[in-house]
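>>> Turn this into a model:
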Amino acid sequence: MAGWSVAPAFEAGSVVVGDWPLCHVRLQDDARFPWLILIPRVAGAVELEDLLEADRAILMEETVRAGDAVRALGAAVGRPVGKLNVAAIGNVTAQLHVHVVGRRKDDGLWPDPVWGRGTAERYESKLEEALTLVRA
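Numbering: from 1, shown residues only. Alright, predicted model coming up:
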């Protein structure tokens with residue numbers, strides 16, 4: 001993991017959760033959607049194919065783990081998740097990262113994508129509670 005660092009774009013709208021075996025994990029600071037970002041700690045990784053086969057398998061398991069955490073967070077903040085959206089888009093930030101977003105049919109943007117839509121609602125006073133839930 002030498003030579004790896006988080007792209008600066010992630011600093012503005014997300015908060016560090018911690019590090020899992022492969023990924024640096026961040027909570028998107030938008031309480032409208034329970035949302036984690038997984039960033040594999042692999043220098044220069046832009047596409048899934050840039051990961052070793054073993055790391056791709058770890059990423060899949062960490063994505064499932066993130067889904068569990070997103071569901072727990074959604075339930076805890078009164079926004080139960082009906083559907084998990086998982087995406088590795090990277091049009092704005094090329095560094096390989098996977099979004100795991102909890103969606104509901106009544107979330108205000110359904111069925112449209114969440115990226116760049118509306119004004120984020122910060123967790124503010126509930127941030128520590130949210131972080132505790134996703135770190136479990």
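
>>> List the residues that contact residue 129.
residue 76 (CB atoms under 8 Å, 6 or more residues apart in numbering). From N, CA and C alone the C-beta is placed, and that goes for glycine too.

>>> Double-check that it belongs to a helix.
Yes: Residue 129: assigned to a helix according to DSSP: H, G, I helix; E, B strand; the rest coil.

>>> Quick one: the helices in this structure, in order.
Taking DSSP state H, the helices of the chain run over residues 9-13, 53-76, 127-135.

>>> Tell me where the protein has strands.
Counting by DSSP state E, the chain has strands at residues 14-19, 23-28, 35-40, 83-87, 98-103.

>>> Quick one: closest of the helices of the chain to residue 44.
Of all those, it is helix 53-76 that lies closest to residue 44, at 12.9 Å by CB to CB.

>>> so the closest one versus strand 14-19, what angle?
120 degrees (axes from the mean of the first three to the mean of the last three CA atoms, to 10 degrees).
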